[in-house]
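S.K.: Pasting the sequence and the predicted model now:
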Amino acid sequence: MFDDFDVDRRPFVLIWEVTQACGLACRHCRADAKPERHPDELTTAEGKRLLDDTAEFGDGQLVVLSGGDPLAREDLTELISHGDDLGHRMTLTPSGTASLTPDRVEALAEAGVQRMAVSLDGATRESHDRFRGERSFGDTVTAVRAAREDGLPLQINTTVCAETVEELPAIRDRVRDLGAVLWSVFFLVPVGRGRILDPISPERAEAVMEWLHDVAEAERFGVKTTEAPFYRRVGLQRDGDDAGVRRRGGITAGRGFAFVSHTGETYPSGFLPKSAGNVRDRSVVDIYRNSGLFESLREPDQFAGKCGACEFRRVCGGSRSRAFAATGDPTGSDPLCPYVPEGYDGKLPTRLEGESRGVTDAAD
């Protein structure tokens, strides 16, 4: 579990964006993906060296191969096999396209993928395809069925913004019906194409957090949030300081999390595109442990504004990516969190624009 990790020494999750090439043009895409591969992507040999270096973090490192669409790389199964041989827990986030056939899913499982994550941003074919691209819903469901047949654990990712929030209860039902083991709920950070989307308001985000805790208690699948660590604060305020709540999530950009881009630049998160070094020049282990940027993000007592003053800063810490997108300072306050620490009289972050209604099925 996360609480057993020394986040100063290793990330809980290392994501490698193996390519930015993708056949979809999703409306929220962080990478602003294009159909063609970038000529300066890490080569097969460089990718293997990255995985070799990653082994210095320790046994069982969780490595997520993402994109773009990782399937755009012909050497994908070779890279997966190499990471599996090194003892990494290899997982994959492919795009929902026609290339994700049952045969391809089977080959990925045989190569050593231990979990596959697909995206579902609408409960119906129409709403999902409007957000992700024509035919993506059908291709995604086909891949999900193939993963189940191959015994491959499934994670479903959902983006939360003004366009998708109303469908969360229906998406939750889909997650259950599809047999996922984990629902990862991504709260919009305005980067890439996501800049054109409307966020939900802080008040509604708080209501969604309350509802997600209800979902986690009622469903067999797990629930985690991405770029919304105040899910933990909401849980602590609601349920008290018990270990079960403290273990939900907890990693933030640069603290238990690292992201290597398709060209080797190493960021605290894919949603925080500020490089701390390139793996072509420096080991990813050295970058994570010793770069000034990563070190600063592991010191919540030094954060600015209300995040730095908050009594929950060590179990939450706020979204460093959203703070960076809003202020240019990755140690600033997260504008999505509405909580103001008692006695805090400093500057509040600029409020996000967005609707402020409650969650429709807020709790069924």
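M.R.: That came through, no problem.
S.K.: CA atoms for contacts and neighbours, from now on please.
M.R.: Fine.
S.K.: got the buried residues for stretch 132-151?
M.R.: By 16 or more other Cα atoms under 10 Å, the buried positions in stretch 132-151 come out as 132-147, 150.
S.K.: Residues contacting it, please?
M.R.: 24-27, 95-98, 100-102, 105-106, 109, 116, 118-121, 124-125, 128-129, 153-154, 178-179 (Cα atoms under 8 Å, 6 or more residues apart in numbering).
S.K.: same thing with stretch 314-331?
M.R.: When contacts are defined by Cα under 8 Å, 6+ apart, stretch 314-331 is touched by residues 189-191, 227-233, 246, 250, 252-253, 269, 271-272, 296-297, 300, 302-304, 307-308, 332-337, 350.
S.K.: Endpoints of it, how far apart?
M.R.: Start and end residues of stretch 314-331 are separated by 13 Å (Cα to Cα, to the nearest Å).
S.K.: Also stretch 55-64?
M.R.: End-to-end distance of stretch 55-64 (Cα to Cα): 14 Å.
S.K.: Give me the buried stretch members for it, please.
M.R.: Across stretch 55-64, burial judged by 16+ other Cα under 10 Å covers A55, F57, Q61, L62, V63, V64.
S.K.: re earlier: buried subset of the contacts of stretch 132-151 as a ChimeraX selection?
M.R.: Entered in ChimeraX, the line below selects the buried ones among these, by 16+ other Cα under 10 Å:
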select :24,25,26,27,95,96,97,100,101,102,105,106,109,116,118,119,120,121,125,128,129,153,154,178,179
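S.K.: The buried residues of stretch 55-64: which two are farthest apart?
M.R.: By the measure Cα to Cα, F57 and V64 form the most distant pair in the buried residues of stretch 55-64, at 14.8 Å.
S.K.: so which helix or strand takes in V63?
M.R.: In this structure, V63 sits in strand 62-66 according to DSSP states H and E.
S.K.: Just after that strand, pick out the following helix or strand.
M.R.: Elements were assigned by DSSP H and E; along the chain past strand 62-66, the next helix or strand is helix 76-85.
S.K.: CA atoms of that following helix as PDB?
M.R.: Output of helix 76-85 as PDB, limited to C-alpha atoms (Å, rounded to 0.1, in the frame of the first residue of the first chain):
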ATOM      1  CA  LEU A  76       5.200  -2.400 -27.400                       C
ATOM      2  CA  THR A  77       5.100  -6.100 -26.500                       C
ATOM      3  CA  GLU A  78       8.900  -6.200 -26.500                       C
ATOM      4  CA  LEU A  79       9.000  -3.300 -24.000                       C
ATOM      5  CA  ILE A  80       6.400  -4.900 -21.800                       C
ATOM      6  CA  SER A  81       8.200  -8.200 -21.800                       C
ATOM      7  CA  HIS A  82      11.500  -6.500 -20.900                       C
ATOM      8  CA  GLY A  83       9.800  -4.700 -18.000                       C
ATOM      9  CA  ASP A  84       8.200  -7.900 -16.800                       C
ATOM     10  CA  ASP A  85      11.500  -9.700 -16.900                       C
END
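S.K.: Contacts for that helix next, please.
M.R.: Helix 76-85 has contacts (Cα under 8 Å, 6+ apart) with 44, 47-48, 51-52, 70, 89-90, 107-108, 111-113.
S.K.: again with stretch 93-102
M.R.: Here stretch 93-102 makes contact (Cα under 8 Å, 6+ apart) with 22-24, 64-71, 116-119, 135-137, 139-140, 142-143, 146-147.
S.K.: can you rerun that using 7 Å?
M.R.: For stretch 93-102, the external contacting residues (Cα atoms under 7 Å, 6 or more residues apart in numbering) are 65-66, 69-71, 116-118, 136, 139-140, 143, 146.
S.K.: Just the terminal-to-terminal distance for it.
M.R.: Using Cα to Cα, first and last residues of stretch 93-102 are 15 Å apart.
S.K.: Let me see the mean pLDDT of that stretch.
M.R.: For stretch 93-102, mean pLDDT rounds to 88.
S.K.: which of the contacts of helix 76-85 are buried?
M.R.: The buried subset of the contacts of helix 76-85 - by 16+ other Cα under 10 Å - is T44, G47, K48, L51, D52, P70, R89, M90, L108, A111, G112, V113.
S.K.: Can you tell me how far I80 is from G112?
M.R.: 6 Å.
S.K.: what do the two both touch?
M.R.: M90.
S.K.: ok, of the contacts of stretch 314-331, which come out buried?
M.R.: Among the contacts of stretch 314-331, those classed as buried by neighbour count (16+ other Cα under 10 Å) are 189-191, 227-233, 246, 250, 252-253, 269, 271-272, 296-297, 300, 303-304, 307-308, 332-337.
S.K.: Which of the residues you listed fall in helices?
M.R.: Using DSSP state H, the subset of the buried ones among the contacts of stretch 314-331 located in helices is F230, Y231, R232, R233, R246, S296, L297, C307, G308.
S.K.: Let me have those residues in CSV, extended by pLDDT and distance to V165.
M.R.: Supplementary listing: those in CSV, determined by pLDDT from 0 to 100; distance: Cα to Cα, whole Å:
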residue, pLDDT, distance to V165
F230, 95, 17
Y231, 95, 16
R232, 93, 20
R233, 94, 21
R246, 47, 25
S296, 97, 33
L297, 97, 29
C307, 94, 25
G308, 93, 29
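S.K.: Need the buried ones among the contacts of helix 76-85 in CSV (columns: pLDDT).
M.R.: Listed next are the buried ones among the contacts of helix 76-85 as CSV, based on pLDDT from 0 to 100:
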residue, pLDDT
T44, 98
G47, 98
K48, 98
L51, 98
D52, 98
P70, 94
R89, 98
M90, 98
L108, 96
A111, 97
G112, 98
V113, 97
